[in-house]
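# output the structure for:
(one chain, ligands or ions: 2)
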Amino acid sequence: MAESTILIKDAKLVFTGETKSVLIKDEIIAEIDDVISEENVDKVIDAKGMILSPGFVNTHTHLSMSLFRGLADDYDLDSWLNDYIWPIEANLNENYCYIGALLAAVELIKSGTTTFSDMYFYMEDVARAIDEAGIRGVLSYGMIDFADAEKRENEFRENISLYENCNGMSDGKIKVFFGPHSPYTASKELLERVRQEANKYNTGIHIHVGETQKEVDDLVESTGMRPFEYLESLGLLGPDVVAAHAVWLSDNEIDIIKKYDVKISHNPCSNMKLASGISPVAKLLENGICVSLGTDGASSNNNLDLLEEMKFASLLQKVDTLNPLVLPACEVLKMATINGAKALGLEDEIGSIEVGKKADLILLDTNSVNMTPDSSDLCSNVVYSANGSNVDTTICNGKILMENKKLTTLDEEEIYKKARIAIKELKEMN
Ligand SMILES: N[C@@H](CCSC[C@H]1O[C@@H](n2cnc3c(=O)[nH]cnc32)[C@H](O)[C@@H]1O)C(=O)O
Ligand SMILES: [Zn+2]
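Ligands and ions are numbered 1, 2, ... in the order given. Okay, the predicted model is just below:
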């Protein structure tokens with residue numbers, strides 16, 4: 001088959017401010033130059049005045065939870081999960097999770113996210129939705145056993161069959177990790193076995209760790225150890241582990257995270273909304289730890305807009321440390337791009353605009369009120385001034401998923417309709 005080529009003409013590169021053209025051949029960034037000939041190019045995108053950024057990487061999501069947007073606001077994690085979310089999740093099925101994932105995919109594409117890492121149920125149906133949407137994703141089945149051996153077997157069966165059926169799917173855009181939910185819902189036996197299986201399948205681990213003070217207190221009471229100490233004692237930690245939240249950390253735990261090169265997914269909006277606390281992100285970054293960004297599910301955020309998450313991440317650290325210099329815009333943009341890629345083991349493929357990498361790219365319009373005038377530092381415009389609605393074009397793996405703010409792969413009106421019906425049915429069952 002002949003190559004397909006896209007030329008993005010005269011865009012401003014977000015990190016350097018230079019105006020360049022970028023040639024995409026099939027799924028790869030083939031050339032970046034001042035001027036590139038339009039001859040034999042299949043499609044030219046005139047990006048004059050637009051900002052070109054790597055697509056964003058959201059390292060902690062529960063896509064299908066988009067159906068629960070606004071369902072249970074203003075609770076802490078414990079009450080939110082036990083009293084509201086887990087009861088309604090008991091009625092989920094393949095179709096609801098598929099629709100929820102489609103709804104989330106619309107939002108991701110519209111707000112410039114091209115890669116995400118998800119943990120949930122019915123993940124083969126999430127994979128189906130994501131394959132249609134055309135974005136890149138790491139999927140894991142959320143494993144919970146509450147020390148029940150039979151449930152544990154089921155959870156491994158689910159995650160392993162997800163791996164066997166979906167890893168490498170969608171032209172390699174879909175990968176599968178193991179998803180032990182957390183140290184408070186997964187037993188010691190489950191966590192130990194996860195490490196063995198992750199080694200056997202040569203894949204990563206996605207887990208919630210140290211999210212609330214209650215989690216830490218309960219674990220200290222039952223084991224004498226804090227969450228990262230406990231996970232170290234079980235042999236679970238390594239550079240292939242993405243730990244979401246990591247809010248409540250002792251200095252010893254920061255040393256452990258560093259020693260094992262554990263990747264942290266910081267989710268400031270969810271942590272603020274559930275009143276969980278403030279992760280010491282500035283300190284983690286000072287220690288050379290790889291911190292990326294996640295939104296968590298749309299039921300504790302309540303959206304999946306990584307542009308918003310970047311701004312909150314920066315402002316929260318500034319006010320927490322009373323130091324305006326921490327987490328400047330460019331550093332935050334790196335957290336949302338290359339650090340996310342590193343967290344997911346994809347840094348050779350995505351996360352930056354470089355020849356040879358996969359073409360996961362977005363264009364932001366600057367001809368709108370909140371983007372006028374340009375700052376001398378375009379990262380500032382993107383992190384502090386932009387929001388998802390400034391994203392004009394989203395390209396993943398060399399394929400245009402949105403152009404001129406119009407989706408090409410998904411029918412958004414149809415998906416909104418189905419999502420409204422799905423949540424109505426779920427509420428009626430509850
Ligand atoms: N197999 C499990 C499914 C777990 S999916 C992952 C779970 O994480 C939950 N979740 C979402 N956000 C958070 C969070 O911030 N902290 C902890 N759990 C969360 C989510 O609602 C879902 O129940 C079962 O049988 O229950
Ligand atoms: Zn979560």
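
# quick check, Val176 in a strand?
Yes. Assignment of Val176 by DSSP: H, G, I helix; E, B strand; the rest coil places it within a strand.

# just list the residues touching it, thanks.
Residues counted as contacts of Val176 (Cβ atoms under 8 Å, 6 or more residues apart in numbering) are 138-140, 159, 162-163, 166-167, 203. No exception for glycine: its C-beta is placed from N, CA and C like everyone else's.

# pick the one among those residues closest to Leu103.
Relative to Leu103, the closest of the contacts of Val176 is Leu139; by Cβ to Cβ it sits at 16.6 Å.

# need the phi and psi values for that closest one.
When read as degrees, to the nearest 10, the backbone of Leu139 gives phi -110, psi 140.

# how many other residues sit next to it?
Other residues near Leu139 come to 28 when the count uses other Cβ atoms under 10 Å.

# quick check: it vs ligand 1, distance?
11 Å (Cβ to the nearest ligand atom, to the nearest Å).

# Ser117 now?
The separation that Ser117 has from ligand 1, given Cβ to the nearest ligand atom, amounts to 13 Å.

# tell me the secondary structure for the closest residue to ligand 1 within the chain?
Using Cβ to the nearest ligand atom, the closest approach of the chain to ligand 1 is made by Gly142 at 2.4 Å. Judged by three-state DSSP, the three-state class of Gly142 is strand.

# any chance of the contacts of Val176 in CSV, with pLDDT too?
Output for the contacts of Val176, formatted as CSV (pLDDT from 0 to 100):
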residue, pLDDT
Val138, 99
Leu139, 99
Ser140, 98
Asn159, 98
Leu162, 98
Tyr163, 98
Cys166, 98
Asn167, 98
Thr203, 98
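
# which two in these are spaced the farthest apart?
Using Cβ to Cβ, the two most remote members of those are Val138 and Asn159, lying 12.6 Å apart.

# list the residues that contact the residue of the chain closest to ligand 1.
Applying Cβ under 8 Å, 6+ apart, the residues near Gly142 are 62, 119-121, 179, 181.

# among the residues you listed, who's most crowded?
Most surrounded of the contacts of Gly142: other Cβ under 10 Å gives Gly179, at 29 neighbours.

# tell me which element it falls in.
Using DSSP states H and E, Gly179 maps to strand 174-180.

# repeat for Arg193
Using DSSP H and E, Arg193 falls within helix 188-201.

# and that helix, how far out from the chain middle?
When C-alpha coordinates are averaged (Cα atoms, centre = their mean, to the nearest Å), helix 188-201 and its chain have centres 23 Å apart.

# does it reach ligand 1?
No. Helix 188-201 stays out of contact with ligand 1 when judged by Cβ under 6 Å from any ligand atom, the minimum separation being 10.9 Å.

# packing partners of that helix?
Applying 3 or more Cβ pairs under 8 Å, 6 or more residues apart in numbering; DSSP states H and E, we find helix 188-201 packed against helix 149-166, strand 174-180, strand 205-209.

# ok, now with 10 Å
With contacts defined as 3 or more Cβ pairs under 10 Å, 6 or more residues apart in numbering; DSSP states H and E, helix 188-201 has these neighbours: strand 136-143, helix 149-166, strand 174-180, strand 205-209, helix 227-233, strand 241-245.

# how far off helix 188-201 does the second one point, in degrees?
Here helix 149-166 points in a direction 20 degrees away from that of helix 188-201 (axes from the mean of the first three to the mean of the last three Cα atoms, to 10 degrees).

# okay, buried residues for helix 149-166 please.
For helix 149-166, the neighbour count (16 or more other Cβ atoms under 10 Å) marks 152, 155-156, 158-160, 162-163, 166 as buried.

# all set now, cheers.
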